[in-house]
Structures are given as structure tokens and as C-alpha cells.
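Peer 1: Generate coordinates for the sequence data below:
(one chain, ligands or ions: 2)
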Amino acid sequence: MASATTPTSLSLLHTSSATSSSSRTRSSLLHLSPSSSSSPSLRLRPTTLRGLGFVACDPLFALNVASKVRSFGAGKGVRGIVSMAKKSVGDLTEADLKGKKVFVRADLNVPLDDNQKITDDTRIRAAVPTIKYLIEKGAKVILSSHLGRPKGVTPKFSLAPLVPRLSELLGIQVVKADDSIGPEVEKLVASLPDGSVLLLENVRFYKEEEKNDPEHAKKLASLADLYVNDAFGTAHRAHASTEGVTKFLKPSVAGFLLQKELDYLVGAVSVPKRPFAAIVGGSKVSSKIGVIESLLEKVDILLLGGGMIFTFYKAQGLSVGASLVEEDKLDLATSLIEKAKAKGVSLLLPTDVVIADKFAPDANSKIVPATAIPDGWMGLDIGPDSVKTFNEALDTTKTVIWNGPMGVFEFDKFAVGTEAVANKLAELSKKGVTTIIGGGDSVAAVEKVGVASVMSHISTGGGASLELLEGKQLPGVLALDEATPVPV
Ligand SMILES: Nc1ncnc2c1ncn2[C@@H]1O[C@H](COP(=O)(O)OP(=O)(O)OP(=O)(O)O)[C@@H](O)[C@H]1O
Ligand SMILES: O=C(O)[C@H](O)COP(=O)(O)O
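Peer 2: Ligands and ions are numbered 1, 2, ... in the order given. Have a look, this model is predicted:
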């Protein structure tokens, strides 16, 4: 169990001087002096972080890594190591595509307001390059997606509101089917001219979709000659339109968006330019255990923020007032700290926090050292000293991945730490650091700050990006055809 005593001089996290089999270098020591009345004295000893070596790659991507790594990260559009493992839509030529019916699974699961207006079209825009490539090569695109989690046919989850924006972005009128299988759809498919797009109705209107029913997959597949999966956000689901259809359609290849997501979330993360830092925030440590454990195998620096830090503080014997704590995860927090130490990863926890007297946008707030959170107050953001330290650590890096906000960024008063991280990453990105925003609320934060366009990569996946960062393999990706190996 964690010690319940408050240390007088707490080394919140120190890195190991132990050497490991990896040639990563690490050092930095974060000292916290709880006796200090203002902010704790904090010293990040000069780091000697240098990008020296590689970590072990996921087996799927081990092939040819060494030869590809030199070119990786040269900029957007680079075909990195990961995309080499799966056959790509870019491998299909005009001869392969002209006049062919191509079943494209995209993730067009976009937010709609009460008037059925799209409030964020990112996922539609992200699907455009693959569709454009196909229509320019004379293919007949049969486009499919889910929207929401309907139980049976539900008009408010129809894909109809997406047609105008899709047509506008593609520069052609997209035809919409009222179903995703059946004779009416078959008729529409038969009448498609080369270079056109037919949007099927929400594939989740059939329960067989999520059950990955083989007969249903066969019906979807019967509409087309070949298959392109570009639905990264749904690639962690083994559904009929993401996995099942691949059994009946050859070739089954990856779209450009799927490739790019894998290039960054697996490629850049497995073989990063070093030093490599991860910033992990969000509400609970329990939902990020897999991500933290997996990243500890790969990073040189790990910065933690968000609600989860209070479980770490408590595990270290600090008082956390009314802050969010997962009592049953105290041992886990301690073991993650130990693991970081053993791996030689510099794990930095915030040294000061913004506390509030209630969980509300208009709460009274103040900045206190992490060691001095009064009873009844809750930490809702990281403080300015922490931002400074995080920035200093980030200044040493060449690759950064970020998942999860630093505080309750939905309330302006407690959005400062999250926005500071977003701005820092934008600054680093402009200097050539590879910056990857790993989905979920951190994407929303980056967009709120208006720096989304400068990041190296912003994931369109929530659950899918988390699963990838946990080191899991995605069924929608695994089902695709292997690429022809490239000689080393
Ligand atoms: N100190 C805190 N106390 C309570 N909640 C917090 C704190 N810091 C951040 N949060 C909340 O954490 C939430 C995000 O946590 P979550 O674990 O869902 O992160 P995420 O990875 O960005 O999202 P997702 O899992 O949807 O991809 C936000 O709603 C934010 O308000
Ligand atoms: O929004 C998402 O994360 C994807 O579209 C997947 O949706 P799902 O969680 O309903 O499968």
C-alpha cells in the first residue's frame, strides 16, 4: 500500500540511472519541497536526452523498419513504415479501377445538431482524398458509413444530411440510397456511371452489421468488385462493413486516411525521432492504464495531467482535498511510477495545480503547490509552474504524442493548462517536431485553440486511436491484404 505520510522532501519522480537494453538516454529529476509556502521549488536537472536508438516494433511492422525509418517523418504525405505492411489504395492503378465498383467504408460519424446540421465536418473532409483518387481513376464508388448507435432504422441517424457537404467537397453530386443492401440499392449501383459516388444508408440500421454476420457481409460485398477501408475511427470494430466484407472482396486495401493514421499512431510511435515525449491527461487513470503502460515502453519522457494526477499524488502520500481520486488505483499509480523508473523514463507530474471550491465554471479558484491542496478544494487544472516545466521538457523533444486534456478544459477558467500544451505543441510543430494528437478531447482542445492545422497529425479516431496506443491490433486493419514486401 502507498504510504500515508507526507514526505518533507518528495522526489515526485526520479528517473533511473540504470541502463537498459535500449539505447535511449534519460535523466531528469523533479524535486518537490512541500515545506515551501508558495510554489514548490522545482528543478528539472539538465537533461541529456538524445535520440539514439529504436525501441522494439510491433511485430506487424517489424518488417523493413530499419530501411524505412530514415524516410519517416519527412513530412505530411510520406508513406511511412506502417502503410507498407498493408496494401494501399495508392497501389491500385487506373487499369485496376476504371469502371470497377469499389466498396469504400469510411467513418462519416460526424456530430449533428438538433436541426440535422453538421457541427464538425472533419471526418468528411478526411475521407475525401481516397474517394477523389478513386473517382479520378474512373471507379464507381459505393460509399458506406455508420452514424451514431441506432437500434434499427432510426431517421435521425440517416446519412442524408451528409450529402450536400460531401457533394461540395468532391465537386460532384453524390447520389444517396435509402438502404445499404437490397434490390433498390442494386439498381442504383447498376446505373452508376464511371467516376461517380453512391452513398449507402447507415450500415447500422441492420443489427447484422455490428454482429459481423457473414451472410450480411456477403450481401454488402455483392454490390462491389473490390474493397477500400478508410474508416480509421471504426477500425477497432469487427463489423460486417469493416471486417466481414474482406472475406468476399479482393483486393481489400487501406485508404489514404487509414494509412496516415497508422503511419503516425503506430509508425511514428514505434520508431520515433528521439527524444520522444508523451503527454497523457484525461479524467481517470483507469481509462488510460493500457496507454500509459504501452507508452512507457517507448517514450523518453512522460508528462501526466488531468484528473488522473490526484490518484498519483495520493499514492505518494499527498492530500488531494476533494479532487478526483480512484482509491482502488493507488497501487497501480505507484507501480506505474516504479515502472517508469525501471525503464528510465522521465515521468513528470504537475507540481502546482489550479484548485476550485466546486465543480463549476464560476467556481472560486486559486493556484497552490501540488503538496498543499486544502480540504474541500479540488484540482481542476495544472498550474503555471507545471506548464513551465512541461514546456522545458518538451523543448528537448523531436516527437510528441498527446492524449487527454490537462484539466477541465470545458470550463474556460480551467482550460489554461490544456491550451498551453496545445500552443506549445503548435510552436514545436512549426520547428519541425513531429506532433501527434491522439484523438478524443485533446483534438477538441487543439481545435478550440485554433492550432489544429499546424500539427503533424490529428487523429480522427477516439476509441480506435486509444486501442492503437495501447498496442492493440485493429480488426479492420488486420483483415486487409498484405502489401508486397519491399526488399531491404
Ligand atoms: N482535474 C480534473 N478533474 C476532473 N475532470 C477532469 C480533470 N481534468 C480533466 N478532466 C476531464 O477529463 C475529461 C476527458 O477525459 P477522458 O479520459 O475522456 O480523455 P480523452 O482521452 O481526451 O477522451 P476520450 O477517451 O473520449 O478519447 C474532460 O471532460 C475533462 O473535463
Ligand atoms: O466515433 C467513433 O469513435 C467511431 O465512429 C466509432 O463509433 P462507435 O464507438 O459507435 O463504434
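Peer 1: Spit out the contact partners of the residue in the stretch 351-488 of the chain that ligand 1 sits nearest to.
Peer 2: Nearest residue of the stretch 351-488 of the chain to ligand 1: residue 440, at 2.0 Å (CB to the nearest ligand atom). No exception for glycine: its C-beta is placed from N, CA and C like everyone else's. Listed by CB atoms under 8 Å, 6 or more residues apart in numbering, the contact partners of residue 440 are 282, 403-404, 462, 465-466.
Peer 1: Tell me the residues of this protein that contact ligand 1?
Peer 2: Within the chain, the positions near ligand 1 by CB under 6 Å from any ligand atom are 282-284, 287, 306-307, 324, 379-380, 403-405, 407-408, 410, 439-442, 462.
Peer 1: Out of these, which end up buried?
Peer 2: By neighbour count, with 16 or more other CB atoms under 10 Å, these hold 282-284, 306-307, 324, 379-380, 403-405, 407-408, 439-442, 462 as buried.
Peer 1: What distance do you get for residue 334 to ligand 2?
Peer 2: According to CB to the nearest ligand atom, to the nearest Å, residue 334 and ligand 2 sit 32 Å apart.
Peer 1: Make sure that residue is actually in contact with residue 313.
Peer 2: No - if you go by CB atoms under 8 Å, residue 334 and residue 313 don't touch, sitting 11.4 Å apart.
Peer 1: what about these two, which has more around it?
Peer 2: residue 313 (24 against 17; other CB atoms under 10 Å).
Peer 1: Residue of the stretch 101-250 of the chain nearest ligand 1, please.
Peer 2: residue 233 (11.0 Å).
Peer 1: How many residues are close by the residue of the stretch 201-350 of the chain found nearest ligand 2?
Peer 2: Nearest residue of the stretch 201-350 of the chain to ligand 2: residue 233, at 4.0 Å (CB to the nearest ligand atom). When counting by other CB under 10 Å, one arrives at 27 neighbours for residue 233.
Peer 1: Share the number of residues neighbouring the residue lying closest to it once chain neighbours are set aside, please.
Peer 2: Using CB to CB, 6 or more residues apart in numbering and skipping the chain neighbours, the partner closest in space to residue 233 is residue 107 (3.7 Å). Using other CB under 10 Å, residue 107 is surrounded by 27 other residues.
Peer 1: Now do the domain split for the chain, please.
Peer 2: 10-57+271-469, 89-254 (automatic domain parsing).
Peer 1: what's the least confident stretch among those?
Peer 2: Mean pLDDT is lowest for domain 10-57+271-469 out of these, coming in at a mean of 83.
Peer 1: For the spatially most central residue of the chain, give me its contacts.
Peer 2: Nearest residue to the geometric centre of the chain (CA atoms, centre = their mean): residue 438, 2.4 Å. Contacts for residue 438 (CB under 8 Å, 6+ apart) come out as 265, 401-403, 459, 465-466, 469.
Peer 1: how does it look with 10 Å?
Peer 2: By CB atoms under 10 Å, 6 or more residues apart in numbering, the residues touching residue 438 are 264-265, 269, 278-280, 291, 295, 401-404, 457-459, 461-462, 465-466, 468-469.
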